[in-house]
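S.K.: Model the structure of this input:
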Amino acid sequence: MRLLRQLSRRKLRTTLTILGITIGIWALVVFSSMANKINALVAGGSQYFEGKILVTDASNLAVGIGLTPMNIDVADQIRDLDGVAAAAPEVQMIFDPEANAFGGAQTIVGLVDGSDEGNETFELRAAQGRLLTADDEGHRRILLGSDMARQLKAGIGDTIEMRGERFEVVGILEPTLTAPDSSVFVPLESAQVLFHKTLPAAVQEAIPAEELISQVVVFPDSGTDPAALAALIEERVDNTKTLTGAEFDEQVGSATAIFNAIIIGVAIISLVVGGLSVINTMAMSVAERTREIGIKRAIGGSRRRIIRELVTEAAVIGLIGGLLGLGLGAIVVVLANEAGRDSGTILFDLTPGTAIFAVAFSTILGMLAGVIPAWSAARLDPVEALRYE
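M.R.: Residues are numbered from 1 along each chain as shown. Have a look, this model is predicted:
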């Protein structure tokens, strides 16, 4: 209580200092929450691509997803190569071609159950209903990711229309915090029909729907170097390009590193702005309380006690600013996620670690910024301090 009374003696200056720290911590919380979500997606992608090779058409521009049509014969050619344990043909396409940049991450995935021949390590589990099976081929059935189910407001047994075709929902996946959450899984044959409709008329006439795919997921044999196998595929199979797990980490990781650098920049800015504000407030406080400090020193108050009192005041300023910044940041994160929940656009992930770090950061910032004024106050000569007007 005594500390709060001391701070309340300089209401305006203390409020402005706390406000400066609050804004910095608010920005840190919001950006860090966005970074957490992006890092989770990247980590999920890394886990998915680990030990695999994604083969797409050489003209495909997307990273980690095939969107350009290929002939299904490519999968057969790859299976015949040494070092290949399985080659699973797939079709992937944008769920809504007219969606915005964030919605564009939502995909339709067509695959054949069991085509991985037991080599898949990224396990999907059904929260409701069941997964797709080989018996679903030839039927209009779909499996929804958790975010897609929420966006479409769909449940087991509901019918969903995609690109003019109606599908029955047979399962909803458990959240994975990565790409499957925003995907719709369908049997390969159904995906081929949908994919065929998206192509120009000339291509539709040249290639039947059952021969179309957009990518092949290759599982190397045990002991086979994925990079060497990827090079072999590009050499032996015409007009293809590959992406290994290591290449995915390198390409996507570089973009993530840039965003994380922005987070560090925000932290540095909050450190400078908040630190200078606390130093200014505490320096002015020392100047105004010079006689008070002189009296404490004259009656036996130690320098250590003076430093402890002033540093504690600075820490309280940092703590209050950190708690307010965390609160404002949490409100923004919750409101933004709720606004995008129906569309499956969840951009933020505020973790307990981020919250604890933000408050601890602001508190330690206040303590460090208060050390200089506190040290100056402790070094005051008691006699000179008592004469101070």
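
S.K.: which strands and helices sit next to the top helix by length along the chain?
M.R.: Using DSSP state H, we find that the single longest helix of the chain is helix 245-288. Judged by 3 or more C-beta pairs under 8 Å, 6 or more residues apart in numbering; DSSP states H and E, helix 245-288 is in contact with helix 11-49, helix 226-236, helix 303-341, helix 352-378. (Glycine included, C-beta is placed from N, CA and C.)

S.K.: now the ones you listed in a markdown table, with distance to T244 and mean neighbour count?
M.R.: Conversion of those to a markdown table gives the following (distance: least, C-beta to C-beta, whole Å; neighbours: other C-beta atoms under 10 Å):
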| stretch | distance to T244 | mean neighbour count |
| --- | --- | --- |
| helix 11-49 | 7 | 20 |
| helix 226-236 | 5 | 17 |
| helix 303-341 | 32 | 19 |
| helix 352-378 | 31 | 20 |
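
S.K.: mind putting the ones you listed in CSV, distance to A88 included?
M.R.: Shown next, in CSV, are the helices and strands packed on helix 245-288 (distance: least, C-beta to C-beta, whole Å):
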stretch, distance to A88
helix 11-49, 13
helix 226-236, 14
helix 303-341, 32
helix 352-378, 37
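
S.K.: Enumerate every residue touching V84.
M.R.: I78, V218, F219, P220, D221, L229 (C-beta atoms under 8 Å, 6 or more residues apart in numbering).

S.K.: again but with E137, I slipped
M.R.: V112, P187, L188, E189.

S.K.: Flag the least confident of those.
M.R.: Ranked by pLDDT, those bottom out at V112 (88).

S.K.: phi, psi of that residue?
M.R.: As for V112, its main-chain torsions (degrees, to the nearest 10) stand at phi -100, psi 120.

S.K.: helices or strands up against whatever helix or strand A127 lives in?
M.R.: In this assignment (DSSP states H and E), A127 forms part of strand 126-129. Packing partners of strand 126-129 (3+ C-beta pairs under 8 Å, 6+ apart): strand 165-173.

S.K.: Please enumerate residues in contact with the strand it packs on?
M.R.: 124-132, 136, 139-146, 149, 154-161, 180-181, 186, 190, 193-194.

S.K.: Among these, name the ones in helices.
M.R.: Filtering the contacts of strand 165-173 for helices - DSSP H - leaves S146, A149, S190, V193, L194.

S.K.: And the furthest pair within those residues?
M.R.: The widest separation within the ones in helices among the contacts of strand 165-173, taken as C-beta to C-beta, falls between S146 and V193 and amounts to 25.7 Å.

S.K.: How is this protein divided into domains?
M.R.: 2-42+252-387, 59-238 (automatic domain parsing).

S.K.: For those domains, give me TSV that also has distance to E50.
M.R.: Formatted as TSV, the domains of the chain follow (distance: least, C-beta to C-beta, whole Å):
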stretch	distance to E50
domain 2-42+252-387	13
domain 59-238	7
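
S.K.: Select, out of those, the one closest to I53.
M.R.: domain 59-238 (4.1 Å).

S.K.: ok, now how distant is the closest residue to Q77 other than its chain neighbours from L229?
M.R.: With sequence-adjacent residues excluded and distances taken as C-beta to C-beta, 6 or more residues apart in numbering, Q77 is closest to V237, at 5.1 Å. As defined by C-beta to C-beta, to the nearest Å, V237 lies at a distance of 11 Å from L229.

S.K.: quick one: common contacting residues for those two?
M.R.: Joint contacts of V237 and L229 (C-beta under 8 Å, 6+ apart) are L81.
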